[in-house]
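In: Structural data only, the sequence is not supplied:
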């Protein structure tokens, strides 16, 4: 049951969250729980990722890694119908966390079985490799579907940025912890730790719905629509929706371009290492390549974290999801255009760093937020099908393309760069269509109304030479759109910034006046309230100043 009372002042942690995105009073607790949940799940994945390589290598060697990708796609083809049937079985439950927690319990039980088998010395390399690939897309897709199902569109559009910061931090934390602790606790210890994290995620998921204020809650009631074929409904939901098909196509092409870009970089890394060291000195080459990729991934992690923390929220606020979905395709067009004219190692390295940083921050947040305005079934079935099957399908197309291009045509690197540039232009056009249909989907749910001024501000009379404070009531401006939030700005009536002796706290809407002792003029301040999509309302505040009488007079 959702919290019914809305707080009228920000808690200290809500003030901190406002540094990242706009958080209204009462929204902070659920936002923190979901952000922590995202961090826990991503840390869990990166912990398990470190044991994946030794397990698959002990199973049968490096070539089995390429086979595992094909196995993953085959398993996902069977898993999507199973999940479709599972969704319909529990879709009418009033417990909003039920579907996500059942999926988490399923994967937790799998991990416990793997732990026991590994402890008994049974070779699980191939099965675990395939399972972790499915876990990485299935569980993360369920988390974001649950988040989209929990918040209404306007609220989710603001808060998803903070949730993504939690996911990025969890990825960094898991990757940093995995290496140092692995020698001490081994494969079985990593699995046990990951199991504990999954159980903690289940607790967080169960507790989250009760912390969401009514004004932020998604008001769509759980229901089962009695589809004719519940087994194939995961695919049917995507194929019958033009919007979801556009997203699925966008994801496949994006994965294809990014994977091909990584292949281009890998070929140049190999060439660069061979040019630096004697080809027979394999140990030196491996050390150099390891150091390169360590630095490369650290810059990507840092770049994505900085973008997520300081850019993504402001970007979505300025240009909306419709504009934000164009950013990565635009970066790809510029990047592969630069590669075409300057196909050198340093340029390609920096371009791929920029592309991946934007992909893991701007694009990830935007992609998850695209599902906010769709019906509940499309959130769970559509998103899960796209993030699992169609995502891996992009990998399969990439693998087939690389195999044919290298084995039968021996294409040079420039051919891969040109093909990626052409696809990036196509992806940009596809992103325009995705943004357009996202706008249509939101308009079906609601329009956007400008904030309204509900009360005028009083004429203030403040003493000179001392500090005085005045707070604007939260009821002065009201946004009629449920889930929307207002940000506040104060300036001189002429549009110039306020003098240094007038400070304005935009979160508490509080002025602090500390006028000079000789300031006696009336001051006119313009207060502007802006909603998340940029519509505004304004009023003026007149302040006069007087010289206080001496206390001994």
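Out: Received it, and whenever you're ready, just let me know what you need. Small disclaimer: the values here were computed from a predicted structure and weren't measured.

In: The biggest strand by length in the chain pairs with which strands?
Out: The residue-count maximum for a strand in the chain (DSSP state E) belongs to strand 536-546. Here strand 536-546 is paired, per DSSP bridges, with strand 460-463 (parallel), strand 523-530 (antiparallel).

In: For it, buried residues please.
Out: By neighbour count on 16 or more other Cβ atoms under 10 Å, the buried set for strand 536-546 is 537, 539, 541, 543, 545. C-betas here are computed from N, CA, C, even on glycine.

In: cool, stretch 334-343 as well?
Out: Buried residues in stretch 334-343 (16+ other Cβ under 10 Å): 335-336, 338-339.

In: from these, which is closest to residue 266?
Out: Using Cβ to Cβ, residue 339 is the member of these that lies nearest residue 266, at 14.2 Å.

In: related to what we said a few turns ago, now render the buried residues of stretch 334-343 as CSV, adding pLDDT.
Out: Formatted as CSV, the buried residues of stretch 334-343 follow (pLDDT from 0 to 100):
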residue, pLDDT
335, 95
336, 96
338, 95
339, 93
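
In: Sort out which one of these lies nearest residue 501 for me.
Out: Relative to residue 501, the closest of the buried residues of stretch 334-343 is residue 335; by Cβ to Cβ it sits at 47.7 Å.

In: which residues does that closest one contact?
Out: Residues in contact with residue 335 (Cβ atoms under 8 Å, 6 or more residues apart in numbering) are 351-352, 354-355.

In: Spell out which helix or strand contains it, please.
Out: Secondary-structure assignment from DSSP states H and E places residue 335 in helix 327-341.

In: can you give me the strands in this structure?
Out: With strands called from DSSP E, the chain shows them at 452-453, 460-463, 468-471, 477-478, 487-492, 502-505, 510-513, 523-530, 536-546.

In: Among the ones you listed, which comes closest to residue 143?
Out: strand 487-492 (27.8 Å).

In: Report the angle between the closest one and strand 536-546.
Out: Going by axes from the mean of the first three to the mean of the last three Cα atoms, to 10 degrees, strand 487-492 is angled at 50 degrees with respect to strand 536-546.

In: Quick one: list the elements packing against strand 487-492.
Out: Using 3 or more Cβ pairs under 8 Å, 6 or more residues apart in numbering; DSSP states H and E as the contact definition, the elements that strand 487-492 packs against are strand 502-505, strand 523-530.

In: Identify, out of the ones you listed, the most deeply packed stretch.
Out: With neighbours defined as mean count of other Cβ atoms under 10 Å, the helices and strands packed on strand 487-492 peak in mean count at strand 523-530, which reaches a mean of 18.

In: And residue 373, how close does it get to residue 360?
Out: From residue 373 across to residue 360, the span is 24 Å (Cβ to Cβ, to the nearest Å).

In: Over to residue 400?
Out: Distance from residue 400 to residue 360, by Cβ to Cβ: 25 Å.

In: Between those two, which has more neighbouring residues?
Out: Shown here are residue 400 and residue 360; by other Cβ atoms under 10 Å, residue 360 has more neighbours (21 against 11).

In: where in the chain is pLDDT low?
Out: Counting by pLDDT under 70, the chain contains low-confidence residues at 1-8, 53, 56-70, 224-228, 446-448, 550-553.

In: per-domain residue ranges of it.
Out: Structural domains annotated on the chain: 1-231, 452-546, as defined by automatic domain parsing.

In: For those, could you give me CSV that also reports distance to residue 392?
Out: Converted to CSV, the domains of the chain look like this (distance: least, Cβ to Cβ, whole Å):
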stretch, distance to residue 392
domain 1-231, 5
domain 452-546, 34
